[in-house]
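Visitor: Quick one, what's the 3D model for this:
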Amino acid sequence: MLRSALHLAALGVRQTRVSSSSPKLPLILQNNLENTKYLQVARDYAKGKDKKKEKGGKGKPGKVEINEQQLREILNFDGLNSQMQKSVMQMKEDFVKHLSLRSTSGAIDTLRIKVDGQEHELQELAQISRKNPKTIIVNMIGFPQTIPDVLKAIEKSGMNLNPQQDGTTLFIPIPKVTKEHRENLSKNAKALFVKYRDAIRGVQNEHIRKLKKQPELGKDDAFAAQAQVTAIADRFISEADKLLASKQKELLGD
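Guide: Now for the predicted structure:
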């Protein structure tokens with residue numbers, strides 16, 4: 001009987017509660033039953049800690065595995081990836097075009113101008129040339145009515161440009177690379193990151209809303225799918241964050 005009780009204790013099996021004061025049991029067996037209860041409590045506590053680790057522990061979310069096949073059955077997986085990837089690529093393109101240490105005529109050429117609700121590149125509206133290495137000339141004689149829109153776009157470009165207007169011609173001095181200029185460009189890089197990060201979150205929230213509108217989807221499956229969509233968004237945002245860190249290091253000269 002004693003051997004059997006020890007074997008059950010080693011296996012962590014719960015025992016029927018028996019009063020340790022029962023006179024009908026030998027003292028050594030009573031002590032063993034108390035040890036069995038202690039071992040079981042310890043195992044339960046250890047299991048609880050393991051569950052916390054599985055969930056990521058101390059408030060940190062566990063890693064979410066992406067089940068592409070499952071997601072394809074309930075949402076437009078390719079569209080989701082494409083939209084998020086587009087935001088990252090557009091941010092990268094904007095970094096190259098608008099956040100160089102020295103503004104070039106090439107960056108000015110492709111500056112996007114919004115006119116009457118439509119976007120055009122500046123080179124479609126003007127003749128762009130260099131008067132000298134320090135000055136860019138933008139001739140707006142073809143579309144003089146768009147000059148206010150062009151000036152507004154240059155101001156918001158983040159290139160730290162201060163154009164001077166003379167009739168239908170804009171003279172744009174190329175600024176010196178100062179510490180203040182570097183810091184401003186770095187701030188503009190962060191602003192672009194926030195813009196595209198929010199765009200990725202917008203795509204995430206849009207797809208999650210669509211998932212919630214699928215009544216045939218079980219609660220557990222819906223929750224798992226939402227977690228996977230969020231994980232995909234996190235992955236693209238992490239990629240964008242690395243691009244930001246690299247760009248800021250370049251701009252600040254670190």
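
Visitor: any chance you could map the helices in the stretch 51-200 of the chain?
Guide: For the stretch 51-200 of the chain, applying DSSP state H, counting those that start in this stretch gives helices covering 68-74, 77-98, 105-109, 122-125, 147-155, 179-212.

Visitor: Worst mean pLDDT among those helices?
Guide: Mean pLDDT per stretch puts helix 105-109 lowest among the helices of the stretch 51-200 of the chain, at a mean of 70.

Visitor: about what we covered before: same list, the helices of the stretch 51-200 of the chain, but as TSV with distance to Ser238 please.
Guide: Quick note: C-beta positions are derived from backbone N, CA and C, even for glycine. Listed next are the helices of the stretch 51-200 of the chain as TSV, based on distance: least, Cβ to Cβ, whole Å:
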stretch	distance to Ser238
helix 68-74	19
helix 77-98	10
helix 105-109	27
helix 122-125	33
helix 147-155	31
helix 179-212	10
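
Visitor: can you put the ones you listed in a markdown table and add mean neighbour count and distance to Asp116?
Guide: Shown next, in a markdown table, are the helices of the stretch 51-200 of the chain (neighbours: other Cβ atoms under 10 Å; distance: least, Cβ to Cβ, whole Å):
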| stretch | mean neighbour count | distance to Asp116 |
| --- | --- | --- |
| helix 68-74 | 13 | 40 |
| helix 77-98 | 17 | 23 |
| helix 105-109 | 17 | 21 |
| helix 122-125 | 19 | 12 |
| helix 147-155 | 16 | 9 |
| helix 179-212 | 17 | 23 |
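
Visitor: Of those, which is nearest Lys134?
Guide: Among the helices of the stretch 51-200 of the chain, the nearest to Lys134 by Cβ to Cβ is helix 105-109 (12.0 Å).

Visitor: from the chain's centre, how far out does stretch 200-209 sit?
Guide: 12 Å (Cα atoms, centre = their mean, to the nearest Å).

Visitor: So which of the helices of the stretch 51-200 of the chain is nearest Thr135?
Guide: helix 105-109 (10.4 Å).

Visitor: domain parsing for this structure?
Guide: Taking automatic domain parsing as the criterion, the chain consists of the domains 2-54, 68-89+179-252, 103-173.

Visitor: Quick check: nearest residue in space to Asn67, chain neighbours excluded?
Guide: The spatially closest residue to Asn67, leaving aside those adjacent along the chain, is Gln228, at 6.4 Å (Cβ to Cβ, 6 or more residues apart in numbering).

Visitor: My error: substitute Phe193 in the last question.
Guide: Leu244 (4.4 Å).

Visitor: per-residue confidence for the one you found?
Guide: With respect to pLDDT, Leu244 scores 97.

Visitor: just checking, it touches Lys190?
Guide: Yes - with contacts counted by Cβ atoms under 8 Å, Leu244 reaches Lys190, the gap being 6.7 Å.

Visitor: Report the contact partners of the closest residue to Leu80 other than its chain neighbours.
Guide: Among residues not flanking Leu80 along the chain, His207 sits closest, at 5.6 Å (Cβ to Cβ, 6+ apart). The contact partners of His207, by Cβ atoms under 8 Å, 6 or more residues apart in numbering, come to 75-76, 80, 229.

Visitor: and those residues, which are buried?
Guide: Neighbour counting by 16 or more other Cβ atoms under 10 Å classes 75, 80, 229 among those as buried.

Visitor: and the last one, what is it in contact with?
Guide: Listed by Cβ under 8 Å, 6+ apart, the contact set of Val229 reads 71, 75, 80, 204, 207-208, 211.

Visitor: swap in the first one?
Guide: Applying Cβ under 8 Å, 6+ apart, one finds that Leu75 lies in contact with 207, 210-211, 225, 229.

Visitor: Nearest to Leu251 among the residues you listed?
Guide: Closest approach to Leu251 among these (Cβ to Cβ): Val229, at 32.9 Å.

Visitor: re earlier: ok so the residue nearest to Asn67 is a helix residue?
Guide: Yes - applying DSSP: H, G, I helix; E, B strand; the rest coil, one finds Gln228 inside a helix.

Visitor: mind checking how far it is from Phe236?
Guide: 13 Å (Cβ to Cβ, to the nearest Å).
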